[in-house]
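# how does the following fold in three dimensions:
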Amino acid sequence: MSERRESLNLTLLPLVADGSGRAGPEELLNSGEELDRYPSFSPDGRRIAFASNRLGDQEVWILNLATRQRERLRLPQADRGTNFPFWSPDGRQLAVSRVQPDGSASLFDRCFAA
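Numbering: from 1, shown residues only. All right, here's what the predicted structure looks like:
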């Protein structure tokens, strides 16, 4: 019997204004054996959208940095996974890539309240 375990964790590392070094300690934003990847900061810096397999299938989640609450982005219709979140410049929409049941890819966007 063999078993494979792996994780890709999200961390937050504050940098000095010019980006040349650390401005504080690195903070772990998740733990466990999830594959959390493709992070995308909202334009206001208050949320991070990321792809994760924490409930099995690859889905997009949104982490509120102030409260540390995570919300799963629930999309209509079945798919084989979502990833690559990308915020609109005003932070009111989030586009994600979806793998359809037939294996083709498509884009989906969701609007958020201001």
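
# spatially central residue in the chain, please.
Residue closest to the average C-alpha location in the chain (C-alpha atoms, centre = their mean): residue 50, at 0.6 Å.

# who does whatever helix or strand it lives in pair up with?
Assessed by DSSP states H and E, residue 50 sits inside strand 47-52. Looking at strand 47-52 with DSSP bridges, its partner strands are strand 37-41 (antiparallel), strand 59-64 (antiparallel).

# give me the residue ranges of this protein where confidence is low.
Scanning the chain with the threshold set as pLDDT under 70 gives 1-7, 31-34, 79, 111-114.

# ranges for the strands of it?
Under the criterion DSSP state E, the chain contains strands at 11-12, 27-28, 37-41, 47-52, 59-64, 70-72, 81-87, 93-99, 105-111.

# buried residues in the fifth one?
In terms of neighbour count (16 or more other C-beta atoms under 10 Å), strand 59-64 has its buried residues at 59, 60, 61, 62, 63. Backbone N, C-alpha and C define where each C-beta goes, glycine included.

# mind listing residues that contact it?
The contact list for strand 59-64, computed with C-beta atoms under 8 Å, 6 or more residues apart in numbering, reads 10, 29, 36, 46-54, 69-73, 81-83, 85, 94, 96.

# let's see that with 7 Å instead.
The contact list for strand 59-64, computed with C-beta atoms under 7 Å, 6 or more residues apart in numbering, reads 29, 46-52, 70-73, 82-83, 85, 96.

# the last one now?
Among residues not part of strand 105-111, those counted as contacts by C-beta under 7 Å, 6+ apart are 73, 75, 92, 93, 94, 95, 96, 97, 98, 99, 100.
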